[in-house]
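Undergrad: Model the structure of this input:
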Amino acid sequence: MTKVDKSIFFSILNVVLLVTIVFKTVLNFYWFVIIIGLLCVVINRLINKKIIKIKNEDKKYFFGVIFPFLINCFFMINYFTGMNPQKETYCFKNMISEVGGRNSHQKGKTTYIYLSGNAYKYSYMTRSFFIDYKKMWGNNEIIYTFERGIFGLKVRKDFKFVYNKNCPDNYLNF
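TA: Model (predicted):
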């Protein structure tokens, strides 16, 4: 397997792991970006000081393929070692999205939701769903099943949309 083949394989694997594992982990988006950025700076300095030994031309390969794979492996281990499932229930409202250009402008609901009590405010992927909107249609409550992994990170293992007559119709009542 050539280096190009490895790059393509691991890049595809990284994207799959990102969408299937990392996006299901409850993370504060801003802290996640800051921590990844700091790790990149620290590792880059260690490489420059020759504490971590890689060839100079392999630096792009390391930061483009190997480093994301290591981060994804961390989240994968956390995901598959999850235990003690707990259910959490929240009322929700869909986000309204506006699309179109200057001459055509439309509004519509998306699969991104706002949770009651502003739960998971900075964990965007906990409130985003890459599913058919019809699964959410007519429902106003979500039941999450979370587990804690070996690294202590909370992981969304399952979710279900239901209708609850006690959930408020107006987002301002949340």
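Undergrad: In the chain, which helix is the longest?
TA: helix 29-48 (DSSP state H).
Undergrad: That helix - what's its average pLDDT?
TA: Mean per-residue pLDDT for helix 29-48: 92.
Undergrad: just checking, what packs against it?
TA: helix 67-80 (3 or more CB pairs under 8 Å, 6 or more residues apart in numbering; DSSP states H and E). Any C-beta I mention is one placed from the backbone N, CA and C, and that applies to glycine too.
Undergrad: Now do the buried residues in the helix it packs on.
TA: 67-69, 71-72, 74-76, 78-79 (16 or more other CB atoms under 10 Å).
Undergrad: angle of it against helix 29-48?
TA: 130 degrees (axes from the mean of the first three to the mean of the last three CA atoms, to 10 degrees).
Undergrad: packing partners for the helix or strand following helix 67-80?
TA: Following helix 67-80 in sequence order, the next helix or strand is strand 83-100 (DSSP states H and E). For strand 83-100, the elements it packs on are strand 105-115, strand 141-148, judged by 3+ CB pairs under 8 Å, 6+ apart.
Undergrad: Mean confidence (pLDDT) on the first one, please.
TA: Just to be clear, that refers to strand 105-115. 77.
Undergrad: on that earlier part again, ranking the helices and strands packed on strand 83-100 by burial, who's on top?
TA: strand 141-148 (a mean of 18; mean count of other CB atoms under 10 Å).
Undergrad: Name every strand pairing with it and say which way it goes.
TA: strand 83-100 (antiparallel), strand 154-162 (antiparallel) (DSSP bridges).
Undergrad: Could you list the low-confidence segments of the chain?
TA: Scanning the chain for pLDDT under 70 picks out 56-57, 96, 98-102, 104-108, 169-174.
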